[in-house]
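[1] Fold the stuff below for me.
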Amino acid sequence: MNQGDGPAIRWTGGLARYPVVVRSVAAVFAGVLLFGSFPPRPWWFLAPAGIALLTLVVRSGPRLRAGFGYGFLAGLGFFLPLLPWTGIYVGPLPWLALSTACAVYLGLFGVLGRILGRLPGWPLWLALAWTAAEWGRSSFPFGGFPWGRLAFGQADGWFLPLAAYGGAPLVSFVVALSGTCGAAVVLGVLRRAGSRRAAVSTVPGAAGRAGGSTAPGSAEEATADSHAGSTSEGAAARGGRVATAAAAATCVLLAAAGFGLGATLPGPLEGDRTITVAAIQGSVPRLGLDFNAQRRAVLDNHVRRTEQLADEVASGLFPAPDVVVWPENSSDIDPLRNSDASALISAAARRISAPILVGAVLVNGDGTTTNSVMVWTAESGPGDRHDKKIVQPFGEYLPMRGFFRLFSDYADRAGYFVPGHGDGTIRAAGTEIGVATCYEVAFDRAFRDSLHSGAQLLAVPTNNATFGNSEMTYQQLAMSRVRAVEHGRSLVVAATSGVSALIAADGTVRQESALFTPEALVAEVPLRDSHTPATVLGPWPELVAVFVTAAGVVLSIVRRRTARGPAETPTAPVSG
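    Below you'll find the predicted structure:
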């Protein structure tokens, strides 16, 4: 705890008879505020407020375990309402287990908040700690789970342009810093209020005016004590006012920076050249885990909607596309093994007179499967392909399958997908297209190799039919908007059941489909070869935040032990 925080915290703690209960409720509410900042709600500004409230709570607890507990409660308040789509068709156990695992990382942030909150400039240290905790959750275990990073709730907010300069980690850091500085401002205001109350209580004769008695000389003694401590207390008060003003100024500057940098993003049609892209949403016969029981119907839907688009192009309703993007799982029938599926796709490519990016499940010789996106032309059939590299644990594959089978019969329904290789780039219509399939878009590394390999356009084929009518598709769409800004590229989202979208490089959604409706989105989109600072820097900003956080923990521990040393040194007895 920083010197000078005590009166404010004791004052706020004195507001309730049961401070632990109040802090626990406040922690849960902080998590709910974070949840409220995520799509489909446009309330991005709730995220700094949630961080501010959580910061006040974790810094007020007396022990490290209290910091963990309050952070964990905030995590439950955040992830439980954010992730119910993970258990829509498999029961509540996966949802509860995943939410609990994610909440542990907010508990670790609470511990870091208690440790780093003792350092000068603690709002900066805590924002770095939040970034480090998000890195940990995005990396461990089983490859991590980045869903729910602060950046992914900012697609409609002022801080989104910062993604072009440091990616999602920078956006999360700035949102967290806004919150921790906001907490510092609140503490400064409460500290001044507490100091004024203390000053009033020590005014000579105040107790007597209140009806109490004073011993002779007590007023003179209080006055003498006041003069003796006036110098140190005045310096501390001035330092506190400066710190509060600096925190308030930081909040304003961060908001202004995010808002102002929006002018530096490329315009929706600004680029080196343009191509016309179509995204096909064929929809599915039914939702749920068995949506692909009618795999032929899913393929037929996408063929039918593509052929309808060809008719609309012929009638002049739409321009002729240079490339067509189908969703993930648009052909769960392996077209490399099934001649009927191959013939249908080739016929659709012939009708639309453009290559089609087909999302297909390919069966390998060893019985495993690959989630792939292939370029398919009427003349030569399959061409370049991207095999999904970041496969989803507990969905596309099940780690420790024998162990988890003991807890749920759904364990046997998890897939046997294996990760692919390559740089994530495929070539169609003379254009290098970077592909991140569904779950991959949540990971910072998904597009990095493809951008360095020359990707001029980004595509996110996705299948959300397994998550029903939930908020998942809107959360994922926000991730795609962040990625478009991060890398300065137009981005195409093609979803089986929605939401499909065409996104500009500044994160704006140019076109968007409705849920569960066959649709075709067609637009001329710009291509770019230049790289944003975020693309050039890659993972380094986030890794630096992790290393600096670790150094801060060491520094805080050393400072605390050093401060304790003189007080704990035994004094030799005085003889005689």
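[2] and the residue nearest to residue 333 when sequence neighbours are not counted, what is it in contact with?
    Distances taken as CB to CB, 6 or more residues apart in numbering place residue 341 nearest to residue 333, at 4.3 Å, with adjacent residues excluded. (Each C-beta comes from the backbone N, C-alpha and C, glycine too.) Counting by CB atoms under 8 Å, 6 or more residues apart in numbering, residue 341 makes contact with 299, 331, 333-335.
[3] Now name the helix or strand holding residue 99.
    Using DSSP states H and E, residue 99 falls within helix 92-116.
[4] Tell me the helix or strand right after that helix.
    With elements assigned by DSSP H and E, the helix or strand that comes after helix 92-116 is helix 122-137.
[5] Quick one: mean pLDDT over that next one.
    Here helix 122-137 scores 98 as its mean pLDDT.
[6] Report all helices and strands that it contacts.
    Helices and strands touching helix 122-137, by 3 or more CB pairs under 8 Å, 6 or more residues apart in numbering; DSSP states H and E, are helix 46-60, helix 92-116, helix 163-201, helix 540-568.
[7] Can you check which of those gets nearest to residue 136?
    Shortest separation from residue 136 across the helices and strands packed on helix 122-137 is recorded for helix 92-116, at 5.9 Å, computed as CB to CB.
[8] Tell me where the chain is predicted with low confidence.
    Applying pLDDT under 70 to the chain picks out residues 1-16, 61-62, 198-237, 286-293, 408-410, 565-576.
[9] How much space separates the residue most central in space within the chain from residue 49?
    The residue lying closest to the centre of the chain (CA atoms, centre = their mean) is residue 149, at 1.7 Å. Separation of residue 149 from residue 49 (CB to CB, to the nearest Å) stands at 17 Å.
[10] what's the helix or strand for the closest residue in space to residue 269 that isn't next to it in sequence?
    By the measure of CB to CB, 6+ apart, the closest residue to residue 269 outside its immediate chain neighbours is residue 526, 5.7 Å from it. Here residue 526 is covered by strand 519-527, with elements defined by DSSP H and E.
[11] In PDB, could you pull the C-alpha coordinates for stretch 552-568?
    Extracted in PDB, the C-alpha atoms of stretch 552-568 (Å, rounded to 0.1, in the frame of the first residue of the first chain):
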ATOM      1  CA  GLY A 552       8.300  -5.100 -11.100                       C
ATOM      2  CA  VAL A 553       7.300  -8.100  -8.900                       C
ATOM      3  CA  VAL A 554      11.000  -8.600  -8.000                       C
ATOM      4  CA  LEU A 555      11.500  -4.900  -7.300                       C
ATOM      5  CA  SER A 556       8.400  -4.800  -5.000                       C
ATOM      6  CA  ILE A 557       9.500  -7.800  -3.000                       C
ATOM      7  CA  VAL A 558      13.100  -6.400  -2.600                       C
ATOM      8  CA  ARG A 559      11.700  -3.000  -1.500                       C
ATOM      9  CA  ARG A 560       9.400  -4.500   1.000                       C
ATOM     10  CA  ARG A 561      12.200  -6.700   2.600                       C
ATOM     11  CA  THR A 562      14.600  -3.700   2.600                       C
ATOM     12  CA  ALA A 563      12.000  -1.600   4.400                       C
ATOM     13  CA  ARG A 564      11.400  -4.300   7.000                       C
ATOM     14  CA  GLY A 565      15.100  -4.900   7.600                       C
ATOM     15  CA  PRO A 566      15.900  -2.000  10.000                       C
ATOM     16  CA  ALA A 567      12.700  -2.400  11.900                       C
ATOM     17  CA  GLU A 568      13.400  -6.100  12.500                       C
END
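[12] What count of nearby residues applies to residue 367?
    Residues lying near residue 367 (other CB atoms under 10 Å) number 7.
[13] before we move on, what about residue 419?
    Taking other CB under 10 Å as the criterion, the count of residues near residue 419 is 14.
[14] next one: residue 141
    As a burial measure, residue 141 scores 10 neighbours (other CB under 10 Å).
[15] Work out for me the element it sits within.
    Of the helices and strands defined by DSSP H and E, none includes residue 141.
[16] what residues are up against residue 560?
    Going by CB under 8 Å, 6+ apart, residue 560 touches residue 118.
[17] Any figure for the gap between it and residue 119?
    Counting by CB to CB, the gap from residue 560 to residue 119 is 10 Å.
[18] coming back round to it: and the helix holding residue 99, what does it pack onto?
    helix 46-60, helix 64-82, helix 122-137, helix 540-568.
[19] and if we set it to 10 Å?
    Where contact means 3 or more CB pairs under 10 Å, 6 or more residues apart in numbering; DSSP states H and E, helix 92-116 is packed against helix 19-36, helix 46-60, helix 64-82, helix 122-137, helix 163-201, helix 401-404, helix 540-568.
[20] mind putting these in CSV, distance to residue 425 included?
    Below are these laid out as CSV (distance: least, CB to CB, whole Å):
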stretch, distance to residue 425
helix 19-36, 35
helix 46-60, 33
helix 64-82, 32
helix 122-137, 26
helix 163-201, 19
helix 401-404, 32
helix 540-568, 22
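[21] Between the ones you listed, which one is closest to residue 504.
    Per CB to CB, nearest to residue 504 of the helices and strands packed on helix 92-116: helix 163-201, 12.7 Å.
[22] list the buried ones in the closest one?
    For helix 163-201, a neighbour-count test (16 or more other CB atoms under 10 Å) marks 163-188, 190-192, 194-195 as buried.
[23] one step back: might you calculate how far the strand holding residue 526 sits from the centre of the chain?
    27 Å (CA atoms, centre = their mean, to the nearest Å).
[24] Relative to it, what are the paired strands and their orientations?
    strand 273-281 (antiparallel) (DSSP bridges).
[25] elements contacting whichever helix or strand comes after the strand it pairs with?
    Scanning forward in sequence from strand 273-281 by DSSP H and E, the next helix or strand is helix 295-314. Judged by 3+ CB pairs under 10 Å, 6+ apart, the packing partners of helix 295-314 are strand 273-281, strand 323-325, helix 339-352, strand 356-363, strand 519-527.
[26] Enumerate every residue touching the residue nearest to the centre of the chain.
    130-131, 134-135, 137-138, 168-169, 171-172, 175, 442, 444, 479, 482 (CB atoms under 10 Å, 6 or more residues apart in numbering).
[27] Out of these, which is nearest to residue 100?
    Using CB to CB, residue 137 comes nearest to residue 100 of the contacts of residue 149, at 12.5 Å.
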